[in-house]
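Visitor: got a predicted model here, sequence first, then my questions.
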Amino acid sequence: MAVRVRIAPSPTGNLHIGTARTAVFNWLFARHHNGKFILRVEDTDEARSRPEYTENIKSGLTWLGLTWDEGPFFQTQRLDRYKQAIQNLLDKDLAYPCYCTPEELDQMREQQKAQGLAPRYDNRHRNLTTEQKQTYEAEGRKPVIRFKIDDDREIVWQDLIRGEVSWKGSDLGGDMVVARTAENPEDTFGQPLYNLAVVVDDIDMEISHVIRGEDHIANTAKQILLYEAMGAKVPEFAHTPLILNQDGRKLSKRDGVTSIDDFRKMGFLPEALANYMTLLGWTPPDSTEEIFSLETAAQKFSLERVNKAGAKFDWAKLDWLNSQYLHEMPAEKLVELLVPYWQEAGYGVNLESDRPWLESLTAMIAPSLTRLADAAQESRLLFGRAVEYSDEAVSLLKQEGVEAIVREVIEAISTHVNFDLDTAKTIIKQVTKSQKVKKGLVMRSLRAGLTGELHGPDLIQSWLLLHQKGLDRIRLQSALGEIKS
Ligand code: GLU
């Protein structure tokens, strides 16, 4: 059987982490089986759907490397197909118009509640006579279309992640609405609803496997009935576990980030995020292997190794993965990714005119980066931001002999025209000798003076970069001020 899977986001918001993770699993499954991955935009909710969200979803999937083979298809362009399917259900007497008013439905639910029953539609308009229908029509009532659900039916499927799942027809809330009331007086019914449209699409697009979040399990039960009613083959289903926060609740807006854009802005690399998402619920056959590309994961991917239990979102793990990718990346590529973060911090960088300096800076700070956004803080001193001396740095600067060291370094800097890494090393040696101190003290004094800290990235490299911007002497002068204060 040809494998055809799809991701079917609704463009009512930016690409969500849950949707993206579902897309990852679908993509991996398609690639593993040499199948097709299809993008379908479920935009029938016209009030909430927006073209900019569709764009965001497309660009987010592309950014993550989740390229699709067919589509995007848009449900709003397929409305006639859904109407035709609804008409077929009506013709076969598998669906019927229901004229209940919202008030009647409310009243019905109130009564059920008062009797301690779960709210459901009681199928009261299932067998209306032609006269009854005419009376309602004459009253000006507009029907919705309901699909008949047999209460005695047990719906069973072999879920490829969860094993056998069974659902009672009586737990599906009664006959379900498949089309809203008509807005146009000439139409018999109006907007087709989700469960109907999905099934029509999945049939027409020959979807072989429906892989989606477990929050759709009850929909699956309803949809299986619709496949049967339409005389179509039921696809395989696989319901992926939800993504949970640290408290074990569904990851939501309250957790700060939910959209792929948020992760991008925070400075996660697409490769790292895609890698992390493959591990959110899937365990590779060799579970010690954690860093891999989507292509590598696809070779090993199987739904059997997707867990049933919810997947806890682990920031530390994502950070760790991201740092691994960052540390591996060549400086000439990384620098391009850092520019927007420097610009946002107001550093006014120009990659074209200043590439060598920016690349050296990148190579120097790369080992201390976890997220791209860290670059702003990690390089602020190199971009001339004011030094804030730590207490340790101040006490070191005030130690006996340090002032003389700093003064001698300032002098030495002015005597060297061609300043490079060797010059810096020579100056340190010379000052160590003439001040009769340990080399370590010279190094610490310099670091404290240049950066206001006693720890940080490579000192000689930092000094050189500062020197190239004419900042080293200024820094050391202000360190002298600090010593005197
Ligand atoms: N539009 C639905 C959603 O975004 C798609 C569900 C499905 O995959 O069938 O949740």
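Guide: Now that the structure is in, tell me what you want to look at.
Visitor: and F237, that one's in a helix?
Guide: No - assignment of F237 by DSSP: H, G, I helix; E, B strand; the rest coil gives strand, placing it outside any helix.
Visitor: and the stretch 201-350 of the chain, which residues reach the ligand?
Guide: Listed as neighbours of the ligand in the stretch 201-350 of the chain under the rule Cβ under 6 Å from any ligand atom: R212, H216. Every residue, glycine included, has its C-beta placed from N, CA and C.
Visitor: tell me which parts of the stretch 51-200 of the chain are close to the ligand?
Guide: V198.
Visitor: report pLDDT for K250.
Guide: What the model reports as pLDDT for K250 is 86.
Visitor: now the helix or strand containing N275, how far from the centre of its chain.
Guide: Element membership for N275, per DSSP states H and E: helix 270-279. From the chain centre to the centre of helix 270-279 is a distance of 9 Å (Cα atoms, centre = their mean, to the nearest Å).
Visitor: mind giving me the packing neighbours of that helix?
Guide: helix 17-32, helix 51-64, helix 260-265, helix 294-300, helix 315-328 (3 or more Cβ pairs under 8 Å, 6 or more residues apart in numbering; DSSP states H and E).
Visitor: show me which residues of it are buried.
Guide: P270, E271, A272, L273, A274, N275, Y276, M277, T278, L279 (16 or more other Cβ atoms under 10 Å).
Visitor: now stretch 25-34
Guide: If you call a residue buried by 16+ other Cβ under 10 Å, then stretch 25-34 has these buried ones: F25, N26, W27, L28, F29, A30, R31, H32, H33.
Visitor: let me see the mean pLDDT of the helix holding N275.
Guide: Regarding helix 270-279, the rounded mean pLDDT is 98.
Visitor: dump the C-alpha coordinates for it into PDB.
Guide: In PDB, the C-alpha atoms belonging to helix 270-279 read as follows (Å, rounded to 0.1, in the frame of the first residue of the first chain):
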ATOM      1  CA  PRO A 270      15.700  24.500  13.400                       C
ATOM      2  CA  GLU A 271      17.800  21.300  13.300                       C
ATOM      3  CA  ALA A 272      18.000  21.200  17.100                       C
ATOM      4  CA  LEU A 273      14.300  21.900  17.500                       C
ATOM      5  CA  ALA A 274      13.300  19.300  14.900                       C
ATOM      6  CA  ASN A 275      15.700  16.800  16.500                       C
ATOM      7  CA  TYR A 276      14.200  17.500  19.900                       C
ATOM      8  CA  MET A 277      10.700  17.100  18.600                       C
ATOM      9  CA  THR A 278      11.500  13.600  17.200                       C
ATOM     10  CA  LEU A 279      12.400  12.700  20.700                       C
END
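Visitor: now that helix and helix 51-64, what's the angle there?
Guide: Helix 270-279 runs at 90 degrees relative to helix 51-64, counting by axes from the mean of the first three to the mean of the last three Cα atoms, to 10 degrees.
Visitor: what pLDDT does the residue sitting furthest away from the middle of the chain get?
Guide: The outermost residue of the chain, judged against the average C-alpha position, is S434 (58.0 Å), by Cα atoms, centre = their mean. Among the per-residue scores, S434 holds a pLDDT of 97.
Visitor: what sits up against the strand or helix carrying it?
Guide: Counting by DSSP H and E, the element that carries S434 is helix 421-435. Judged by Cβ atoms under 8 Å, 6 or more residues apart in numbering, the contacts made with helix 421-435 from elsewhere in the structure are 401, 404-405, 408-409, 412-413, 416, 438-439, 442-443, 446, 460-461, 463-464, 467.
Visitor: same deal with stretch 449-468?
Guide: Contact partners of stretch 449-468, identified using Cβ under 8 Å, 6+ apart, comprise 357, 360-361, 364-365, 367-368, 378, 381-382, 387-390, 392-393, 396-397, 406, 409, 413, 419-421, 424-425, 443-444, 446-448, 472, 475-476, 479.
Visitor: and it, what's its mean pLDDT?
Guide: Here the average pLDDT along stretch 449-468 is 96.
Visitor: which parts of it are buried?
Guide: Buried, per 16+ other Cβ under 10 Å, within stretch 449-468: 449-452, 456-457, 459-468.
Visitor: next one: stretch 301-315
Guide: Taking 16+ other Cβ under 10 Å as the basis for neighbour counts, the residues of stretch 301-315 that come out buried are F301, L303, V306, G310, A311, K312, F313.
Visitor: what about stretch 261-278, how long is it end to end?
Guide: Start-to-end span of stretch 261-278 (Cα to Cα, to the nearest Å) is 18 Å.
Visitor: same thing with stretch 91-105?
Guide: The first residue of stretch 91-105 is 26 Å away from its last residue (Cα to Cα).
Visitor: ok, and the closest non-adjacent residue to the residue of the stretch 151-300 of the chain found nearest the ligand?
Guide: Of all residues in the stretch 151-300 of the chain, R212 sits closest to the ligand, with a separation of 3.8 Å (Cβ to the nearest ligand atom). Distance criterion Cβ to Cβ, 6 or more residues apart in numbering; nearest residue to R212, sequence neighbours excluded, is T22 at 5.7 Å.
Visitor: neighbours around that neighbour, how many?
Guide: T22 has 22 neighbouring residues, counting by other Cβ atoms under 10 Å.
Visitor: distance from stretch 53-63 to the middle of the chain?
Guide: For stretch 53-63, the distance to the chain centre is 11 Å (Cα atoms, centre = their mean).
Visitor: how about stretch 354-367?
Guide: Taking Cα atoms, centre = their mean, one finds the center of stretch 354-367 at 29 Å from the center of the full chain.
Visitor: residues in contact with that stretch: which ones?
Guide: Judged by Cβ under 8 Å, 6+ apart, the contacts made with stretch 354-367 from elsewhere in the structure are 326-327, 329, 331-332, 334-335, 338-339, 349, 351, 375, 378-379, 382, 457-458, 461-462, 464-465, 468-469.
Visitor: go through these and flag which are in helices.
Guide: 326-327, 331-332, 334-335, 338-339, 351, 375, 378, 461-462, 464-465, 468 (DSSP state H).
Visitor: rewinding a little: contacts for the helix holding N275, please.
Guide: Taking contacts as Cβ under 8 Å, 6+ apart, the residues outside helix 270-279 that touch it are 17, 20-21, 24-25, 28, 63-66, 260, 263-264, 290-294, 297, 301, 317-318, 321-322, 324-326.
Visitor: just want the angle from that helix to helix 315-328.
Guide: Between the direction of helix 270-279 and that of helix 315-328, the angle (the same axes, to 10 degrees) works out to 140 degrees.
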